[in-house]
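Visitor: Got a sequence here, can you build the structure:
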Amino acid sequence: MSKSKIILPVIVISQFFCTSLWFAGNGVMSNLVNTFHLEENALSLLTSAVQFGFIAGTLIFALFTIADRFSPSKVFFISAFFGALFNIGFIFENQTLVSLLTLRFLTGFFLAGIYPIGMKVATDYYQKGLGKSLGFIVGALVLGTALPHLLKDIFIQFSWKSVLIATSSLALTGGLLMLLFVKNGPFRKPSTTFDVSICFHLFKNINFRKAAFGYFGHMWELYTFWAFVPILLITYQNLHPEITFNISILSFIIISSGSISCIIGGYISEKIGVKQTAFSFLFLSCICCIAAPFLFQVTNKNLFIAFLLFWGTVVIADSPLFSTLVAQNTPSKDKGTALTIVNCIGFSITIISIQIISSLFNFTKSNLVFSALAIGPIFGLMSLRNKTI
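Guide: Residues are numbered from 1 along each chain as shown. Sure thing, here's the model as predicted:
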C-alpha cells in the first residue's frame, strides 16, 4: 500500500482512538456516583463539563487560527497527549465533584485539538470526495464516543478504572499514529498571519452561514440524544419491569450504529448531492424526536430497541455532510478555523440542550420532554430549504 493510501485509514483510526475520551466519564458514570458519592445530576454536569472544555478549546484554537498556522498533525498529537493525561486523572482517590468536573473540562479542551483538527487534515488531503472522507472520520468519532460503554462491559470483572486507563492509552496511540504517518497535506495553504476577525468574516458568506446554521440545529439534538441513551433504556425498563436490558452493550450498539450511516451518507451524497442528503437525514431524525415520547408505551422491547437504533443511525449521518458544506464554502487558508469555530458554536448549543432537557426531565419525569429535541432539526431544516447552497 502506497503512503498516500494509508492517510485516510490512519486519520480514521486516530480519530477513533482519541475520541474515546469523550464519553469515558459517561461509560463509568454509575461507578463514579457510588465511589465519590455524587448527586443524581452528575451525568448532565460531567457531560456538560466536557462540552464546556471543548467549546473553550475550539474558541481559543479558532481565534488564534492554530489549525491553519501550525502543523495540524503536531497539534493533534499534543492535544491527544494532554487529553489522555487529564482523562486518566479520574483513577486517583479522594476526588470531589469539582475535581472531576475540572478533569472533564480539561479533557474536553484538548478534544478541540482532535476532532476538528482531524477534519482539517482530511480537507488538506481530499478535495474530491470530501463528503465521503469526512463520513469515515465522523464515523470514527461515533465509534470512539460509544466505545467506553463497550469497554465497561468488557472490563466488568475488573475495576471501572480499567475503562479510563484503556481510553487514555488508545488516545495516546492515536496521537502518535497521526504524528508519525500523516504529514501536511498537498492542499494545505497555511495562514501566515494572526487575525481574530476571520471568525466573523466567515459568517458574511450566506452559503457558509446556511451550512453552519444547519449544523447548529443538528447539534441541538445529537449530544443530548447520545448522553440520554442509557437514560432512555432505563426509563423504558422501569415502565416495563418485566424487561431487563444490558444497558452498556445496548448503549454502545445504539450510539455506534451511526458510524455506518456516516459512511453510507458520504456515498449517497456523491449521487444526490451533499445538501439534499443532509436535509434527508435531518428530517428523519426530526421525526424520531417527535415520535420518541410515544414509543415508551410500546410493550414490544424489540420494537423500542429498533426505534433507538434507527434514531442512532440518522441522528449523526448529517454531521460530516454539514462539515463538508462548511469546508466547501470557505477559502482554503481558513478551513481549519472555519471548522473549529462552527464546532465551537455547535457544542455550545449542546450544553444548553443537555441542561434544558435534563432539568425538564428531572422536574416533570415526563417522556414528552424528549420531543423538545425536534426544535434543533426544525431550525436546521429551515436554514437548508433555500437552494443557494
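Visitor: start to end distance for stretch 146-161?
Guide: 17 Å (C-alpha to C-alpha, to the nearest Å).
Visitor: Just the residues contacting it, thanks.
Guide: With contacts defined as C-beta atoms under 8 Å, 6 or more residues apart in numbering, stretch 146-161 is touched by 16, 20, 23-28, 31-32, 35, 90-91, 162-163, 166-167, 170, 230, 246, 248-249, 251-256, 259. Yep, even glycine has a C-beta here, placed from its N, CA and C like the rest.
Visitor: thought Phe181 was touching Lys5?
Guide: No. Contact between Phe181 and Lys5 fails when scored by C-beta atoms under 8 Å: they sit 11.5 Å apart.
Visitor: Give the next helix or strand downstream of the longest helix seen in the chain.
Guide: Taking DSSP state H as the assignment, the helix of the chain that covers the most residues is helix 206-239. On the C-terminal side of helix 206-239, the nearest following helix or strand under DSSP states H and E is helix 247-272.
Visitor: Packing partners of that next one?
Guide: Where contact means 3 or more C-beta pairs under 8 Å, 6 or more residues apart in numbering; DSSP states H and E, helix 247-272 is packed against helix 130-154, helix 206-239, helix 274-295, helix 301-317, helix 319-328.
Visitor: Now do it and helix 301-317, the angle between them.
Guide: For the pair helix 247-272 and helix 301-317, the angle between their directions (axes from the mean of the first three to the mean of the last three C-alpha atoms, to 10 degrees) equals 50 degrees.
Visitor: how far off helix 319-328 does helix 247-272 point, in degrees?
Guide: Relative orientation of helix 247-272 and helix 319-328, computed by the same axes, to 10 degrees: 50 degrees.
Visitor: Helix 247-272 vs helix 274-295, what angle?
Guide: 150 degrees.
Visitor: What residues of helix 247-272 count as buried?
Guide: By neighbour count, with 16 or more other C-beta atoms under 10 Å as the criterion, the buried positions of helix 247-272 are 247-248, 250-266, 268-269.
Visitor: relative to helix 206-239, how tilted is it?
Guide: Going by the same axes, to 10 degrees, helix 247-272 makes 150 degrees with helix 206-239.
Visitor: Would you mind extracting the C-alpha trace of stretch 268-281 into CSV?
Guide: Extracted C-alpha coordinates of stretch 268-281, given in CSV (Å, rounded to 0.1, in the frame of the first residue of the first chain):
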residue,chain,number,x,y,z
ILE,A,268,-25.2,8.8,-1.1
SER,A,269,-24.1,12.4,-1.2
GLU,A,270,-22.0,11.7,-4.2
LYS,A,271,-25.1,10.6,-6.0
ILE,A,272,-27.8,13.1,-4.9
GLY,A,273,-25.7,15.9,-3.5
VAL,A,274,-24.4,16.8,-0.1
LYS,A,275,-27.1,19.3,0.8
GLN,A,276,-30.0,17.0,-0.2
THR,A,277,-28.5,14.1,1.7
ALA,A,278,-28.0,16.2,4.9
PHE,A,279,-31.6,17.5,4.6
SER,A,280,-33.0,14.0,4.4
PHE,A,281,-31.2,12.7,7.4
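Visitor: who's in contact with it?
Guide: Counting by C-beta under 8 Å, 6+ apart, the neighbours of stretch 268-281 from elsewhere in the structure are 129, 131-132, 135, 214, 261, 265, 314, 317-318, 321-322, 324-325, 328, 381, 384, 389.
Visitor: and if you look at stretch 255-264?
Guide: Taking contacts as C-beta under 8 Å, 6+ apart, the residues outside stretch 255-264 that touch it are 132, 135-136, 138-140, 142-143, 145-147, 149-150, 226, 229, 281, 309, 312-317, 319-320.
Visitor: Weed out the non-buried ones from these.
Guide: With neighbours counted using 16+ other C-beta under 10 Å, the contacts of stretch 255-264 contain these buried positions: 132, 135-136, 138-140, 142-143, 145-147, 149-150, 226, 229, 281, 312-317, 319-320.
Visitor: Have a look at Phe181 and Lys5 and say which one is more surrounded.
Guide: A count of neighbours by other C-beta atoms under 10 Å puts Phe181 above the other of Phe181 and Lys5, at 16 against 8.
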